[in-house]
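Participant: What shape does this take:
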Amino acid sequence: MIKPWVGVLAGIWLAAAPPALGQQAVTIELEIAAGAAVGGAAVARVSQGNWVTIKVTSDKAGELHLHGYDLTIQVAAGETRSPPFVAHATGRFPLEIHEGGHGTLLYLEVYPR
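Facilitator: From the prediction side, this is the model:
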């Protein structure tokens, strides 16, 4: 399937999605191999109030945590998860893997409207 990619950030793909309930929707795709983000940790920037979906694909099971949002993502090997949430808090928030240490996979930066 062809997707309308609007940007690539070191292994993280930002895709345009239709607005939901008057909010802009942003999808962040993250691929994890050997416990690290493919291409290294990067930054995904969104605006406050955006509806955000993080799609994660990993080569092994693990637990991810988006600090500041208390969002936990359980990932199984070869599986993709998509936890949607509204970016309500502004700031810079690390998404870390909690298997075999606390490595940062990406930073989510949420800017005020």
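Participant: what's the least confident helix or strand in this protein, going by average pLDDT?
Facilitator: One helix or strand of the chain scores below all others by mean pLDDT, DSSP states H and E: strand 5-9, with a mean of 36.
Participant: which residues are contacting stretch 98-113?
Facilitator: Outside stretch 98-113, the residues within contact range by CB atoms under 8 Å, 6 or more residues apart in numbering are 12, 28, 30, 32, 35-37, 41-50, 52, 60-66, 87, 89-97. In short, each C-beta sits where N, CA and C put it, glycine included.
Participant: Out of these, which end up buried?
Facilitator: 12, 28, 30, 32, 37, 41-42, 44, 46, 50, 52, 62, 64-66, 87, 93-97 (16 or more other CB atoms under 10 Å).
Participant: if we can go back for a sec, among the contacts of stretch 98-113, which are in strands?
Facilitator: The members of these that map onto strands under DSSP state E are 12, 28, 30, 32, 36-37, 42-47, 52, 62-66, 91-97.
Participant: Spatially central residue for this structure, please.
Facilitator: Ile54 (3.8 Å; CA atoms, centre = their mean).
Participant: tell me which element that one is part of?
Facilitator: Assigned by DSSP states H and E, Ile54 belongs to strand 51-58.
Participant: what distance separates that strand from the middle of the whole chain?
Facilitator: For strand 51-58, the gap between its own C-alpha mean and the chain's C-alpha mean amounts to 5 Å (CA atoms, centre = their mean, to the nearest Å).
Participant: repeat for stretch 34-51
Facilitator: Worked out by CA atoms, centre = their mean, stretch 34-51 lies 5 Å from the chain centre.
Participant: now swap in stretch 63-76 and tell me
Facilitator: On CA atoms, centre = their mean, the centre of stretch 63-76 falls 10 Å from that of its chain.
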